[in-house]
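> The amino acid sequence is not available; the structure is as follows:
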């Protein structure tokens, strides 16, 4: 008889309660792919968009050319660094710089004399802008602030913000950054100085507003689910795993409390086994605790969130 073999070591499946942030899921793969596309496209901007911008600035004053060139290189360097550091703050820089790249490419396409260079520059700008505003990039960068066994998912911007207030904040941030220095470089000292004095503080305000939008997320933790949304809740709320009945797409006739802030996209509904106390934000000085059995929120990628929730053995349906 052959000797008895020692028992094989037990292997815990992924869904056994021990989760790893680096698990290779479809959601993670899409985030990684999009991030490297963004980095490569941003790295290539000097040779894709740069010639078109140089052509557009060719007829301008020498001082303006120098200032614009130095500024573009500085902003490009900051943007490249931001793409390499997944954090909510760097996401803010990317989501200001990405659309600004599209705007610069559009201006170059209209102003440049070389059509082929203009087309290449426009294509490069569109790739950067699309990647910067994509949902996988948003999830990757907010999850960069996670610690331990967390998984963060960005919430969609409220409807009015996405349609009006967000674009206005972006315009203020971009125009406030470039208007003053360009006017001074063009020899218009008085309006340039005024633009700098007024514009730079407005840039800080606008960038902070965009940053605050990037600090709204849902967190899946071993204990359950946390909704972290300062626009909807006065303080984050944790729902313990045992108190969750279901996480899934919201029904059209649901009576759940709407915490989505009129965001566009698929809303998810969290149903509790018993009423859960939350503290919604209030326009009054004092917020009042509410007891709810279900509530709605709108993540940027509901499919990725539900897949991760299922992996963590939450009831999804």
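Looks like it came in fine. The shown structure was predicted, so the numbers you read here are calculated from the model rather than taken from an experiment.
> where along the stretch 51-200 of the chain do the strands fall?
All strands of the stretch 51-200 of the chain, identified by DSSP state E, counting those that start in this stretch, fall at 151-154.
> what's the spacing between stretch 140-157 and its chain's center?
Offset of stretch 140-157 from its chain centre (CA atoms, centre = their mean, to the nearest Å): 10 Å.
> show me where the protein has helices.
26-43, 45-48, 50-56, 62-84, 88-111, 115-132, 135-143, 159-160, 166-185, 189-213, 302-311 (DSSP state H).
> I'd like those laid out as CSV, including distance to residue 271.
Just so you know, the C-beta spots here come from the backbone N, C-alpha and C atoms, and that holds for glycine as well. Shown next, in CSV, are the helices of the chain (distance: least, CB to CB, whole Å):
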stretch, distance to residue 271
helix 26-43, 23
helix 45-48, 47
helix 50-56, 53
helix 62-84, 38
helix 88-111, 29
helix 115-132, 35
helix 135-143, 24
helix 159-160, 24
helix 166-185, 31
helix 189-213, 27
helix 302-311, 13
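> what comes up buried for the strand ranked longest in the chain?
In the chain, with assignment by DSSP state E, the single longest strand is strand 268-278. For strand 268-278, burial by neighbour count (16 or more other CB atoms under 10 Å) applies to 268-272, 276, 278.
> Stretch 123-136 now?
Neighbour counts using 16+ other CB under 10 Å place 124-132, 134-136 of stretch 123-136 among the buried residues.
> Contacts only, for the residue nearest the centre of the chain.
Centroid-nearest residue in the chain, with CA atoms, centre = their mean: residue 138, separated by 3.2 Å. By CB atoms under 8 Å, 6 or more residues apart in numbering, the contact set of residue 138 is 91, 154, 214, 300.
> if I look at the third one, how far off is residue 86?
Plainly put, residue 214 is 12 Å away from residue 86 if you go by CB to CB, to the nearest Å.
> Overlap in contacts, those two.
The contact lists of residue 214 and residue 86 share residue 141, where a contact means CB under 8 Å, 6+ apart.
> Per-residue pLDDT of residue 143, please?
With respect to pLDDT, residue 143 scores 95.
> I should have written residue 205 there, sorry.
pLDDT, read off for residue 205, is 97.
> Likewise for residue 283?
69.
> Ok, residue 57 next?
At residue 57, pLDDT is 86.
> low-scoring pLDDT stretches of the chain, where are they?
For the chain, the stretches with pLDDT under 70 are 1-24, 26, 283-287.
> Can you give me the domain assignment for it?
25-147, 155-215, 229-311 (automatic domain parsing).
> could you redo the buried residues of strand 268-278 as CSV and give each row distance to residue 191?
What follows is those, written out as CSV (distance: CB to CB, whole Å):
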residue, distance to residue 191
268, 49
269, 53
270, 53
271, 58
272, 58
276, 56
278, 50
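> ok, of those, which one's closest to residue 31?
Nearest to residue 31 out of the buried residues of strand 268-278 is residue 268 (CB to CB; 19.1 Å).
> what pairs with the closest one across the strands?
residue 249, residue 297 (DSSP bridges).
> still on that earlier bit, now the longest strand of the chain, how far from the centre of its chain.
For strand 268-278, the distance to the chain centre is 27 Å (CA atoms, centre = their mean).
> Stretch 64-79 now?
On CA atoms, centre = their mean, the centre of stretch 64-79 falls 24 Å from that of its chain.
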